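Novice: below: sequence and its predicted model.
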Amino acid sequence: MLIEVANKLLGFLSKGIGLEENAMKEGLGGEDLIYLMKINYYPPCPCPDLALGVVPHTDISSITILVPNEVQGLQVFKDDHWYDVAYIPNALIIHIGDQIEILSNGKYKSVYHRTTVSKEKTRMSWPVFLEPPPEFEVGPIPKLINQDNPPKYKTKKYKDYLYCKLNKLPQ
């Protein structure tokens with residue numbers, strides 16, 4: 001079921017910028033796309049104003065499919081302000097990650113976000129990150145590049161992008 005959701009999301013993202021339905025998925029490695037699940041556990045914190053669950057960042061992956069619990073904590077940054085992401089029962093939260101921004105040559109932007117902690121309640125989330133294979137080269141999709149829209153990102157192996165981002169090196 002998760003693979004079906006991911007395929008639909010990638011198809012909609014492709015069509016949204018005028019590409020064929022399979023363009024994004026193929027640009028991320030096709031059937032070799034890696035699904036990585038993480039479990040985040042944030043226990044109650046006596047001084048939540050002094051702590052963050054996770055510092056502000058964008059996800060390195062292509063998209064993140066997130067299942068949250070009902071405890072508020074996810075925030076997104078837009079227009080110089082942090083906004084709480086509302087919990088909607090039985091809904092998934094989808095983040096655009098760095099690899100979609102690269103593939104789309106900046107037409108889609110990575111979601112800058114962070115998590116906060118609660119004073120009274122445990123917060124948990126279950127993100128699934130969709131990543132290209134480590135050796136797969138990701139760059140702007142050629143159909144999106146032309147004289148008026150040159151490449152804004154370098155094409156490189158996913159593992160090299162990951163290394164640079166985690167070590168805060170220039171891309």
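Specialist: Nice, thanks for sending it over.

Novice: in which helix or strand would I find L66?
Specialist: L66 belongs to strand 63-68 when assigned by DSSP states H and E.

Novice: which helices and strands sit right next to that strand?
Specialist: helix 2-16, strand 93-96, strand 123-131 (3 or more Cβ pairs under 8 Å, 6 or more residues apart in numbering; DSSP states H and E). The way it works is simple: take the backbone N, C-alpha and C, and place the C-beta from them, glycine included.

Novice: how about JSON lines for these, with mean pLDDT added?
Specialist: Shown next, in JSON lines, are the helices and strands packed on strand 63-68 (pLDDT from 0 to 100):
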{"stretch": "helix 2-16", "mean pLDDT": "96"}
{"stretch": "strand 93-96", "mean pLDDT": "96"}
{"stretch": "strand 123-131", "mean pLDDT": "94"}
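
Novice: out of these, flag the one nearest T64.
Specialist: In terms of Cβ to Cβ, the element of the helices and strands packed on strand 63-68 nearest to T64 is strand 93-96, at 4.0 Å.

Novice: would you mark the buried spots in that closest one?
Specialist: 93, 95-96 (16 or more other Cβ atoms under 10 Å).
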